[in-house]
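A.B. asks: Pasting the sequence and the predicted model now:
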Amino acid sequence: MRIVLATITLLWIGATTPTLAEPLAVDEVAPGIFVHAGVPQYADSNNYGDISNLGFIIGPEAVAVVDSGNSPSIGKGLREAIRQRTDLPIRYVINTHMHPDHIFGNAAFAEDRPVFIAHSNFLSALMARADGYQRRLEEDLGADEARGATLSAPGQTVEPPPGEPLRLDLGGGRVIEVTAWAPAHTNNDLTVLDTATATLFAGDLVFLDRLPTIDGDALGWIKAMDRLAALPAARVVPGHGPASAPWPQALEPQRQYLTVLIDDIRAIQKRGGTIEQAAEQAASSQRSLWRLFDEDNPRNAVTVFAALEWE
Amino acid sequence: MSTTVKRLTVTVAALVLSCGIASAQSISPKESSAAKQGDAKPDDYERWDAVREVYFPGRTIEDGSAFLSLDAPYRAQDAALVPVTVKAALPADAGWSIKTLTLLIDGNPVPLAGKFHLYDETAGAGHRNLSIGTRVRVNEYTLIHAVAETTDGRLFSAERYVKAAGGCSAPAMKNPEQAMARLGKMKLNLPQSVPAGGDVTAQLLVSHPNHSGMQFDQISRTYVPPYFIRSIKVSYAGQPVMDVETDISLSEDPSLHFTFTPKAAGDLKAEVVDSKDQTYTGDWQVTPQPAS
């Protein structure tokens, strides 16, 4: 099987920032499952873009990485954490969706020649936005990080239903299942289920602590949650929040936020209210429950308002 | 077991990012001695001088703040979806009314967002209270202007400074398949109470991607071709309410709020033409409640 890698070379001019070169701290949340929990912040030169949860699964014969971080430095730190624990080949790098904090560390794994795996909508969604993502990477983290951030086209893609999940063999019968979802958080969400330990990597289909952001379809997300809840998992690794949490209870805070947001906006629309009013008022009862609420809620409200107009 | 795996054959693309759209704003180090609008800088007013010369060459534009207002968020949540409202309240004894309203986003590649030709079913008495709203893309921090042309040939303007950037090049469609499936569909939203003979503010929504031509697709390494609504004509009971010339600055799924005055039951009709010369029509029966 031949994997075709597309590399986008970025040329940048500008100031430099120091880089980080130590292994990321990880927790072993289940046997062979390691997770690094990012901070609930926006990416900046203090946190190096360490803002999302990243993980890897060490199987009997190979390693699979789930999300690579917001910068090449974070990706390197993740790779260092793997190499502290095993010399087994890194066979797969799975990107749960196209957002920068889940993909810009991919370059750190290029030397391992893994199969990069993503949703069938991943590449088109990323390429439509890559220009802006790359510009923001330089603004947030500096020219050095941006220069190192090569993007890879997936070597394998997974189709949402009616497509079937992709099963990846890590040797010795340890199989992980990669599932593509209909539009929810984005239009290219993937989850990874490790059946041996009943651990679900949910990507950004599950947020805890940090406010969920909607870049796909809020109603689709609510529907996806019912199917997610039925997955045979004991714990979840959310895309943002703690390294792991009990399943399916971990869905509830997010379900409550999205439900209230949608209900509030429907009520505003019903009384002839405006999109500006929605940005100010919708879901305000949820404010104390989430980090980055003031930063992200108004935009969520605008997104959902425009979408619900077509119900 | 069946796995659904598609192998992608994407050729290597070495990209040098264009800096053309990258500059978020251009602010000169000059002192802003005469800033009239929030953070607007002298450069913003120089740009306005150039823009007004394009759309209203050689004409005087008077300050319309006595009767004209322009509302938009100072800092937009989504630069590709910035709500803008123009309101006019004319003195009852003005003797003139508003013939056209032009909405200009000074800093956009095509500043003209919409030119609204207003009709008046009340035979020349004019719209006393009118409200026009839409949603626009804003490409960089900029002044925006509403220019009203009166039936006696004068121009008045209102302005506002908006902090938003990247709205023209932003890939607005979050769910492209769903959006294209409803291409050309329209919705009309009316207030719960529609009094006969009263001013009624309605909202017309048209489902259309309204591609600006500035959305870069790195797979094809080309810009998504511009594909947008060019005109929207609204009539009520066979009489024109407004004709709007539009361009790339309107947001995806264009939204128009407008005022009309239904005296009796009739059909509100909308005719929309896009840049591929496709025509979409909508027709809604409106039954106003008799005035008590």
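C.D. replies: Here it is on my side, so go on.
A.B. asks: make it CA atoms for all contacts and neighbour counts henceforth
C.D. replies: Will do.
A.B. asks: Count the residues that sit near A:Gly75.
C.D. replies: 28 (other CA atoms under 10 Å in any protein chain shown).
A.B. asks: again, but for the one 10 residues further on
C.D. replies: One way to gauge burial is a neighbour count; for A:Arg85, by other CA under 10 Å, it gives 9.
A.B. asks: ok, so what distance separates it from chain B?
C.D. replies: A:Arg85 sits 31 Å away from chain B, taking CA to the nearest CA, to the nearest Å as the criterion.
A.B. asks: Contacts only, for that residue.
C.D. replies: Contacts for A:Arg85 were tallied using CA atoms under 8 Å, 6 or more residues apart in numbering or on different chains; there are none.
A.B. asks: now the one 4 residues further on
C.D. replies: Residues in contact with A:Pro89 (CA under 8 Å, 6+ apart) are A:61-63, A:112.
A.B. asks: Checking my notes, B:Ala179 in a helix, right?
C.D. replies: Yes - judged by DSSP: H, G, I helix; E, B strand; the rest coil, B:Ala179 forms part of a helix.
A.B. asks: any idea how far it lies from B:Ala79?
C.D. replies: Per CA to CA, to the nearest Å, B:Ala179 is found 19 Å from B:Ala79.
A.B. asks: Show me the helices in the stretch 51-200 of chain B, by range?
C.D. replies: B:176-181 (DSSP state H, counting those that start in this stretch).
A.B. asks: whoops, chain A was the one
C.D. replies: Ranges of helices in chain A, per DSSP state H, are A:72-83, A:100-103, A:122-141, A:143-148, A:218-229, A:252-270, A:275-281, A:293-308.
A.B. asks: The first one: which residues count as buried?
C.D. replies: Within helix A:72-83, the residues that qualify as buried by neighbour count (16 or more other CA atoms under 10 Å in any protein chain shown) are A:72-82.
A.B. asks: So which of these is the closest to A:Ala283?
C.D. replies: A:Ile74 (33.4 Å; CA to CA).
A.B. asks: Could I get the contacting residues of that closest one?
C.D. replies: A:20, A:24, A:48-50, A:68, A:105.
A.B. asks: Got a ChimeraX select line for the buried ones in the residues you listed?
C.D. replies: Entered in ChimeraX, the line below selects the buried ones among the contacts of A:Ile74, by 16+ other CA under 10 Å:
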select /A:24,48,49,50,68,105
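A.B. asks: got CSV for the contacts of A:Ile74, with distance to B:Ala89 and pLDDT too?
C.D. replies: Shown next, in CSV, are the contacts of A:Ile74 (distance: CA to CA, whole Å; pLDDT from 0 to 100):
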residue, distance to B:Ala89, pLDDT
A:Leu20, 60, 53
A:Leu24, 62, 96
A:Tyr48, 53, 85
A:Gly49, 50, 89
A:Asp50, 53, 93
A:Ser68, 56, 97
A:Gly105, 56, 96
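A.B. asks: Can you pick out the most distant pair from the contacts of A:Ile74?
C.D. replies: Among those, the pair separated by the greatest distance (CA to CA) is A:Leu20 and A:Ser68, which sit 14.6 Å apart.
A.B. asks: Give me the below-cutoff pLDDT ranges for the chain.
C.D. replies: In the absence of a named chain, chain A is used. Along chain A, the parts satisfying pLDDT under 70 run over A:1-21.
A.B. asks: I was after chain B.
C.D. replies: B:1-38, B:120-128, B:171-173, B:218-219, B:291-292.
A.B. asks: Thought B:Pro262 was touching B:Gln285, still the case?
C.D. replies: No - using CA atoms under 8 Å, B:Gln285 is not in contact with B:Pro262; the gap is 11.1 Å.
A.B. asks: returning to that earlier point: highest average neighbour count across the helices of chain A?
C.D. replies: Sort the helices of chain A by mean neighbour count, taking mean count of other CA atoms under 10 Å in any protein chain shown, and helix A:100-103 sits at the top with a mean of 26.
A.B. asks: Neighbour count: B:Ala179 and B:Ala79, which is higher?
C.D. replies: Counted by other CA under 10 Å, B:Ala179 and B:Ala79 do not tie: B:Ala79 has more neighbours, with 26 against 18.
A.B. asks: So the closest residue in space to the more buried one that isn't next to it in sequence versus A:Pro165, what's the distance?
C.D. replies: Distances taken as CA to CA, 6 or more residues apart in numbering or on different chains place B:Gly167 nearest to B:Ala79, at 4.3 Å, with adjacent residues excluded. Distance of B:Gly167 to A:Pro165, given as CA to CA: 36 Å.
A.B. asks: again, but for B:Arg135
C.D. replies: With CA to CA as the criterion, B:Arg135 and A:Pro165 are 40 Å apart.
A.B. asks: Residue numbers of the stretch 151-300 of chain A in contact with chain B?
C.D. replies: Residues of the stretch 151-300 of chain A found near chain B (CA under 8 Å from any CA of the partner chain) are A:153-159, A:163-167, A:183, A:186-187, A:215-217, A:271-272, A:275-276, A:298-299.
A.B. asks: Narrow those residues to just the buried residues.
C.D. replies: A:153-159, A:164-167, A:183, A:186-187, A:215-217, A:275-276, A:298-299.
A.B. asks: for the one helix or strand B:Arg47 maps to, which positions count as buried?
C.D. replies: If you go by DSSP states H and E, B:Arg47 is part of helix B:42-55. Residues B:42-45, B:48, B:51-52 are the ones in helix B:42-55 that count as buried (16+ other CA under 10 Å).
A.B. asks: then that helix to PDB, C-alphas only?
C.D. replies: Provided in PDB are the C-alpha atoms of helix B:42-55 (Å, rounded to 0.1, in the frame of the first residue of the first chain):
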ATOM      1  CA  PRO B  42      -7.300  59.500   9.300                       C
ATOM      2  CA  ASP B  43      -6.600  56.700   6.800                       C
ATOM      3  CA  ASP B  44     -10.100  55.400   7.100                       C
ATOM      4  CA  TYR B  45     -11.400  58.800   6.200                       C
ATOM      5  CA  GLU B  46      -9.000  59.100   3.200                       C
ATOM      6  CA  ARG B  47     -10.400  55.700   2.100                       C
ATOM      7  CA  TRP B  48     -13.900  57.000   2.500                       C
ATOM      8  CA  ASP B  49     -13.100  60.000   0.300                       C
ATOM      9  CA  ALA B  50     -11.900  57.600  -2.400                       C
ATOM     10  CA  VAL B  51     -14.900  55.300  -2.000                       C
ATOM     11  CA  ARG B  52     -17.500  58.000  -2.200                       C
ATOM     12  CA  GLU B  53     -15.800  59.400  -5.300                       C
ATOM     13  CA  VAL B  54     -16.300  56.000  -7.000                       C
ATOM     14  CA  TYR B  55     -20.000  55.700  -6.100                       C
END
